[in-house]
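Peer 1: Quick one: sequence plus predicted model below, questions after.
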Amino acid sequence: MAEVLVLGAGMVGVSTGLALQARGHDVTIIERGIPGRETSYGNAGLIQTEAVEPYAMPLSPAALIQIALGRGYDVKWNLPGLLSQVSAVWTYALNSLPAGHRRATLTWGKLIRQSTQAHAPLVQAAGADNIITRDGYIEVHRTPARMARARAAAKRFLDEFGVEATLIDGKALRALEPTIKIEVEGATHWADAWACTDPGGLVAAYAALFERRGGRIVNGDAGDLHRQGAGWRADDYTGEHAVVALGPWSPMLLARYGLKVPMVFKRGYHRHYRMETPPNHPIADFGNSVVLSPMRRGLRIATAAELTSHPRLTPPQLRHGEKAARELFDIGAPVEAEPWTGRRPCIPDMLPVIGRVPDQSNLWAHFGHGHQGFTLGPVTAEILAEELDGAPGWAEMQPARFKRQT
Ligand SMILES: Cc1cc2nc3c(=O)[nH]c(=O)nc-3n(C[C@H](O)[C@H](O)[C@H](O)COP(=O)(O)OP(=O)(O)OC[C@H]3O[C@@H](n4cnc5c(N)ncnc54)[C@H](O)[C@@H]3O)c2cc1C
């Protein structure tokens, strides 16, 4: 048994705490705020089993022209935001070409397929069943062209990955979602995925479980991490090992320890809207780059990616998403005065960073889950915990891959 400090109490940090604790370690999680109130709070709440391919950068000439002209809603950018991460964005683009994407998918697909299995015992032990739905989500296709592409994608996913999807026409969609206002061409029902109606609440429930099982969560600044003998100290807390699970803040800390981790910070926004009869499932309208998730606070409209250093007060992607949502459903007024914003921690090779930090004994990394950290936290926590206990770890996700580049 070892004393371990876990830095950060998002979905990834809390899952790490639980996995290490289950192996008999004495774990203290250091969080500067409240568990599950940053990126792990603001997501669309999907626990995905179908997202077997990591999110590639759209690279078709039409998509690139739209992005460059600032017309589309999938990726928005401004010059300071782009320049501050241009090298990481460039590498991400190169890895989005077929060879790189295929390589990342080999690993990513294995992780994603374990997600609901990994969450299941935690949801049950945490008593969080009331905020989980197990009937998947619906991806709507407004036009025949989008429906045809969806058919091809569903066939490919089944043939290559064994992922099942049900394709439905507009009429069948209306049977599943009677409050939808317009006739769309059809939809894909990804029925195996789960959804959470309170993502921050799920992390809080996992955090409470961790404490009930004897773990400690303390308020402190992980930025204070420093050596103490062969181990580590942050604020008033010490451990033989320290695990960096600070989501988008992780590279900043690791740079102090000689490891330069490239990251693309994909900003997203959400806002809740009052709704008398919310949809029965989360609705993805990817043609409008938006996901509509029924949540405890209202209908959460969550946006795609923005490469900006500072958030906008009236983000165009949210404005557009709200318009698209109002075409589909009767939606009331916003719940909050201002939108929430956070940054997806995306690694340019599209794989999370999991394992031993090179040249630093007993320092570990666990971050960089991009678009699916809420889904993957408990899956990759097992991998990190196994490696800390002596297993070789997964070579392709090791932090040492960045050492080779610098
Ligand atoms: C709009 C949007 C929609 C998304 N939708 C989905 C989805 O549907 N499904 C899915 O799986 N994923 C989704 N994601 C991605 C997912 O939310 C992230 O990958 C995941 O939350 C990352 O978790 P984390 O624990 O690594 O980071 P975080 O949740 O950000 O946790 C990091 C923690 O570190 C703490 N911290 C930072 N600095 C310090 C410090 N100095 N000292 C102490 N503590 C510190 C922070 O307070 C925070 O609690 C979405 C993301 C966005 C933005």
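Peer 2: Structure received.

Peer 1: from here on, contacts and neighbour counts on C-alpha atoms
Peer 2: Noted.

Peer 1: List of residues touching stretch 227-237?
Peer 2: The contact list for stretch 227-237, computed with CA atoms under 8 Å, 6 or more residues apart in numbering, reads 5, 28, 220-226, 238-242, 361-362.

Peer 1: One more: stretch 387-397?
Peer 2: Looking at stretch 387-397 with CA under 8 Å, 6+ apart, the contacting residues turn out to be 351-355, 383-384, 386.

Peer 1: ok, back up a step: take the contacts of stretch 227-237 and keep only those in strands.
Peer 2: 5, 28, 226, 238-239, 241-242 (DSSP state E).

Peer 1: Could you identify the most distant pair in these?
Peer 2: Largest separation among the ones in strands among the contacts of stretch 227-237 by CA to CA: T28 and H226, giving 15.6 Å.

Peer 1: So those two - more neighbours on which side?
Peer 2: The residue with more neighbours, out of T28 and H226, is T28; 24 against 16, by other CA atoms under 10 Å.

Peer 1: Looking at the contacts of stretch 387-397, spot the one nearest the ligand.
Peer 2: P352 (9.5 Å; CA to the nearest ligand atom).

Peer 1: Looks like that closest one contacts G368 (just checking).
Peer 2: Yes. With contact defined as CA atoms under 8 Å, P352 counts as touching G368 (4.4 Å).

Peer 1: Those two: which has the busier surroundings?
Peer 2: Using other CA under 10 Å as the criterion, P352 and G368 rank with G368 on top: 31 against 24.

Peer 1: quick one: contacts for the more buried one?
Peer 2: By CA under 8 Å, 6+ apart, the contact list for G368 reads 247-248, 263, 345-347, 351-353.

Peer 1: how about low-confidence regions in this structure?
Peer 2: Along the chain, the model assigns pLDDT under 70 to residues 404-406.

Peer 1: Swap in 50 and give it another go.
Peer 2: 406 (pLDDT under 50).

Peer 1: Give the other helices and strands that the longest strand anywhere in it contacts.
Peer 2: Identified as the longest strand of the chain according to DSSP E is strand 264-273. Under the contact criterion of 3 or more CA pairs under 8 Å, 6 or more residues apart in numbering; DSSP states H and E, strand 264-273 touches helix 86-95, strand 298-303, strand 305-307, strand 340-346.

Peer 1: Nearest to E211 among these would be which one?
Peer 2: strand 340-346 (26.5 Å).

Peer 1: Please determine whether the closest one lies in contact with the ligand.
Peer 2: Yes. Residues of strand 340-346 contacting the ligand under CA under 6 Å from any ligand atom: 342-344.

Peer 1: rewinding a little: right, quick check: the longest strand of the chain against the ligand, any contact?
Peer 2: Yes. Using CA under 6 Å from any ligand atom, strand 264-273 reaches the ligand at 267-269.

Peer 1: And for stretch 303-315?
Peer 2: Yes. Stretch 303-315 is in contact with the ligand by CA under 6 Å from any ligand atom, via T303.

Peer 1: Which positions in that stretch come out as buried?
Peer 2: 303-309, 311, 315 (16 or more other CA atoms under 10 Å).

Peer 1: Between those, which sits nearest the ligand?
Peer 2: T303 (5.3 Å).

Peer 1: thinking again about what came up before, tell me the most packed of the contacts of stretch 387-397, by neighbour count.
Peer 2: I354 (29 neighbours).

Peer 1: Any chance of the backbone angles for that residue?
Peer 2: Main-chain dihedrals, I354, degrees, to the nearest 10: phi -140, psi 120.

Peer 1: ok, now P178?
Peer 2: Dihedral angles (degrees, to the nearest 10) for P178: phi -60, psi -20.

Peer 1: is the ligand contacted by stretch 279-290?
Peer 2: No. Interface with the ligand: stretch 279-290 contributes nothing (CA under 6 Å from any ligand atom), its closest point being 9.1 Å away.

Peer 1: residues near the closest residue in space to L46 that isn't next to it in sequence, how many?
Peer 2: Spatial nearest neighbour of L46, excluding adjacent residues (CA to CA, 6 or more residues apart in numbering): A195 at 4.5 Å. Other residues within reach of A195, judged by other CA under 10 Å, total 25.

Peer 1: how much space is there between A195 and E336?
Peer 2: 22 Å (CA to CA, to the nearest Å).

Peer 1: L173: what's it in contact with?
Peer 2: 186-187.

Peer 1: pretty sure I182 contacts D330?
Peer 2: No. Applying CA under 8 Å as the test, I182 and D330 come out as separate, 10.8 Å apart.

Peer 1: and E211, what is it in contact with?
Peer 2: Contacts of E211 by CA under 8 Å, 6+ apart are I217.

Peer 1: buried set for the stretch of helix or strand M252 belongs to?
Peer 2: Assigned by DSSP states H and E, M252 belongs to helix 250-255. For helix 250-255, burial by neighbour count (16+ other CA under 10 Å) applies to 250-251, 253-254.

Peer 1: Identify, from the residues you listed, the entry nearest to P58.
Peer 2: Among those, and counting by CA to CA, the member closest to P58 is P251, at 25.0 Å.

Peer 1: ok, the closest one touching G258?
Peer 2: No. When contacts are counted by CA under 8 Å, P251 is not listed as touching G258 (10.3 Å).

Peer 1: now the strands: where do they sit in the stretch 51-200 of the chain?
Peer 2: Here the stretch 51-200 of the chain has its strands, by DSSP state E, counting those that start in this stretch, at 75-77, 132-133, 137-141, 166-169, 186-190, 194-196.

Peer 1: Pipe those strands into a markdown table and attach distance to the ligand per row.
Peer 2: What follows is those, written out as a markdown table (distance: least, CA to the nearest ligand atom, whole Å):
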| stretch | distance to the ligand |
| --- | --- |
| strand 75-77 | 12 |
| strand 132-133 | 13 |
| strand 137-141 | 10 |
| strand 166-169 | 20 |
| strand 186-190 | 13 |
| strand 194-196 | 8 |
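
Peer 1: where do the helices sit along the stretch 251-400 of the chain?
Peer 2: 316-328, 373-388, 400-405 (DSSP state H, counting those that start in this stretch).

Peer 1: Distance from the longest one to the middle of the chain?
Peer 2: Chain-centre distance of helix 373-388: 13 Å, with CA atoms, centre = their mean, to the nearest Å.
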